[in-house]
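In: missing the sequence, but the structure's below:
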Ligand code: SAM
């Protein structure tokens, strides 16, 4: 049994893909993908020893050692160019995901689809995709155990295409904004409340230039989101 979060990520793996799951931890995602026949075979990459051991154990326990290669390394360093055609990176911050993609750009040769699940900072991932010729083709937002998660799917193409109001949609997600689901509205109501609390605090105590600057920045963000919410 896989979490709803990882199941959503897995649902976007093209049938028969050679998958590289980066930051795989227990390797639950590549195991599930191979068992269900989403992926033909997979590479599970991990930088840390503990999770690497868990991944090896899990792959062995599932009897998938012939299909899944568990490798130690930073980001995309674990694959050769052309080796994988689908990459998943889940459960990390958006800045780390963008850094991993940027550092390993030569390894993206032959990759047809990226499936990315940033825990925070999805905006940074969208911006990276936009700047590097990857077109967002789908997005999902879901809630599990009180947490809200976003899943971004990208393929090579016209990176600008999905966006109408660029600045706001880099933040909100063009497909998520269009869909305007209950979970989406909840996420942005939460964010707005949070930002407004900080603005009120800054107004009360922050007399420094830096505090004023921070307050103006947040006010701009609040305005951007409020205007862009459907
Ligand atoms: N992908 C799994 C998931 O979504 O459930 C695990 C998420 S876990 C929170 C993040 C994992 O990424 C950790 O096991 C961590 O060791 C690994 N990680 C962090 N930075 C990494 C990097 N630069 N390269 C490879 N793995 C990394």
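Out: Yes, it's here. All of these numbers come straight from a predicted model, not from anything done at the bench.
In: Am I right that residue 90 sits in a helix?
Out: No - counting by DSSP: H, G, I helix; E, B strand; the rest coil, residue 90 falls outside a helix, being strand.
In: Regarding residue 207, what is its secondary structure?
Out: Classified using three-state DSSP, residue 207 is coil.
In: which residues in the protein form strands?
Out: Ranges of strands within the chain are 17-22, 39-46, 68-72, 86-92, 113-118, 134-144, 147-156, based on DSSP state E.
In: Make TSV out of the ones you listed and add distance to the ligand, mean neighbour count and mean pLDDT.
Out: All C-beta spots, glycine's among them, are computed from the backbone N, C-alpha and C. Below are the strands of the chain laid out as TSV (distance: least, CB to the nearest ligand atom, whole Å; neighbours: other CB atoms under 10 Å; pLDDT from 0 to 100):
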stretch	distance to the ligand	mean neighbour count	mean pLDDT
strand 17-22	5	26	98
strand 39-46	5	24	98
strand 68-72	9	19	98
strand 86-92	3	23	98
strand 113-118	6	24	98
strand 134-144	11	19	98
strand 147-156	9	20	98
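In: With respect to residue 175, which of those lies nearest?
Out: Minimum separation from residue 175 across the strands of the chain (CB to CB) falls at strand 134-144, 4.0 Å.
In: between that closest one and strand 113-118, what angle do the directions make?
Out: Interaxial angle of strand 134-144 relative to strand 113-118 (axes from the mean of the first three to the mean of the last three CA atoms, to 10 degrees): 40 degrees.
In: How about residues contacting strand 134-144?
Out: With contact meaning CB atoms under 8 Å, 6 or more residues apart in numbering, strand 134-144 is reached by 3-5, 8, 12, 114, 126, 128-129, 148-159, 161-162, 173-176, 179, 181, 183-184, 186-187.
In: What residues does this protein have near the ligand?
Out: Counting by CB under 6 Å from any ligand atom, the chain comes close to the ligand at 6, 22-25, 45-48, 51, 74-75, 90-92, 96, 100.
In: Quick one: residues contacting residue 72.
Out: Residue 72 neighbours (CB under 8 Å, 6+ apart): 45-47, 49, 52, 78.
In: how about those residues, which pair is most distant?
Out: Within the contacts of residue 72, 49 and 78 form the most distant pair, 14.3 Å apart (CB to CB).
In: The two - which one has more neighbours?
Out: The residue with more neighbours, out of residue 49 and residue 78, is residue 78; 24 against 9, by other CB atoms under 10 Å.
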